[in-house]
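> Sequence and predicted structure are below.
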Amino acid sequence: MANYASDSDSDGDAPAATEGGAAPGLPESSALLPPPPLDLLQPPNFGSRVRSFPHVEGNYALHVCIPVVIPSEARKHVAHVMKRAASFVPDLYTVDADYALSELCKDEQKLDRVLLSREFHVSLGRTVAIQVHQIESLVAMLRQKFRSQQRYWMDFNKWEHFINDDCTRSFLSLEVTSTGLPEISKQITMVDDVYRLHGLPEFYKNPRPHISLAWALGDVSYKLKQAIKEIEKTLSSMGKSQQCNLRCKFSHIVCKIGKKMYDICKLAD
């Protein structure tokens, strides 16, 4: 288990006005608009996200990462693991989309559409708050640092659990422990160099690159650890390798500031 910043920290569009203000009051019963469809309603815990840093007017959340899409040939394996995980930890939700995993697992097509087909990410730096005047400099320096990147393979070969710094969320993740680890570690160091020049906190001393697929409120490390053990036993008994054959090729780094995405480097296919 390791402590990692929450993926949920975010601010408004950069450099547009930030989000804020109280939620509008409930409409009167005589309102003409009908209620929204049930499948659009958010799960009970959707509003329970917390920032790892306080919201300040004029500040924006910065996140540098490698986009990752699960290859089609690996989705059946991942779907099987997600179903097993949901049976052991029923209060898991899909990352970002925030649908109850146990409900998605009842419909394989919806599970594939909502979770398995989406874009995940490997963090190369902490999610931190920056000021408007830092945006141009940060993006320019990151692009300069990564101007000569080359493709390499990343093997997400180990199911693992993580927890964010303030213990408000736990994550079920796939970790890179072999192929791709040296390259990602070097890229993390490069991002640290740019962060340091802007007075921002560097990444964790012993980085463990991973993609997170599901989350739960609070510290449920024990439940996730037990679930992973049972998942590995099940896969082993089925004659399959305990390691997930999820191999992706690095080709892209993005920087998210507020809700705006900046391409840092993008290699041609």
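Perfect, I can see it now. Numbers count the residues shown, from 1 in each chain.
> tell me the mean pLDDT for whichever strand or helix holds Gln144?
For Gln144, the host element (DSSP states H and E) is helix 135-145. Regarding helix 135-145, the rounded mean pLDDT is 97.
> contact partners of that helix?
14-15, 60, 62, 64, 130, 190-191, 193-194, 197-198, 253, 255, 257, 262, 264-265 (Cβ atoms under 8 Å, 6 or more residues apart in numbering). In this view, the C-beta of every residue, glycine as well, is placed from N, C-alpha and C.
> Which of those residues fall within strands?
Counting by DSSP state E, the part of the contacts of helix 135-145 found in strands is 60, 62, 64, 130, 253, 255, 257, 262, 264-265.
> In ChimeraX, select just the buried ones from the contacts of helix 135-145.
Burial among these is assessed by 16 or more other Cβ atoms under 10 Å; the matching ChimeraX selection reads:
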select :14,15,60,62,64,130,190,191,194,253,255,257,262,264,265
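> ok, of the ones in strands among the contacts of helix 135-145, which one's closest to Phe203?
Phe203 has its nearest neighbour among the ones in strands among the contacts of helix 135-145 in Val64, at 9.6 Å by Cβ to Cβ.
> List the beta-bridge partners for the closest one.
Note on Val64: beta-bridge partners Cys255, judged by DSSP bridges.
> Quickly note the distance from it to Arg147.
Distance of Val64 to Arg147, given as Cβ to Cβ, to the nearest Å: 15 Å.
> so where's the protein uncertain?
For the chain, applying pLDDT under 70 flags the ranges 1-57, 238-245.
> on that earlier part again, let me know the angle separating the helix holding Gln144 from strand 252-257.
Angle, helix 135-145 to strand 252-257, by axes from the mean of the first three to the mean of the last three Cα atoms, to 10 degrees: 170 degrees.
> count of residues packed around Ser72?
Neighbour count of Ser72, defined by other Cβ atoms under 10 Å: 10.
> All the strands of the stretch 151-269 of the chain, in order from the start?
Counting by DSSP state E, counting those that start in this stretch, one finds strands in the stretch 151-269 of the chain at the ranges 153-163, 169-176, 210-217, 246-249, 252-257, 260-266.
> Val254 touches Met261, doesn't it?
Yes. Counting by Cβ atoms under 8 Å, Val254 touches Met261, with 5.4 Å between them.
> okay, the two: which has more neighbours?
With neighbours defined as other Cβ under 10 Å, Val254 and Met261 compare such that Val254 has more, 19 against 12.
> ok, now which ones touch the more buried one?
Neighbouring residues of Val254 by Cβ under 8 Å, 6+ apart: 64-67, 121, 261-264.
> Kindly recompute the last result at 6 Å.
Shown in contact with Val254 (Cβ atoms under 6 Å, 6 or more residues apart in numbering): Met261.
> Make residue 1 into 307 and carry on from there
With the count now opening at 307, the last piece we talked about shows up as Val560.
> How much space separates Ile469 from Ser393?
Taken as Cβ to Cβ, the span from Ile469 to Ser393 is 21 Å.
> Which one's more surrounded, these two?
More neighbours surround Ile469 than the other of Ile469 and Ser393, with 22 against 14 (other Cβ under 10 Å).
> Quick check: the gap between that one and His516.
Ile469 is 12 Å from His516, by Cβ to Cβ.
> Please apply the same query to Val526.
Val526 is 17 Å from His516, by Cβ to Cβ.
> more neighbours, those two?
Each of Val526 and His516 has its neighbours counted (other Cβ under 10 Å); His516 has more, 25 against 21.
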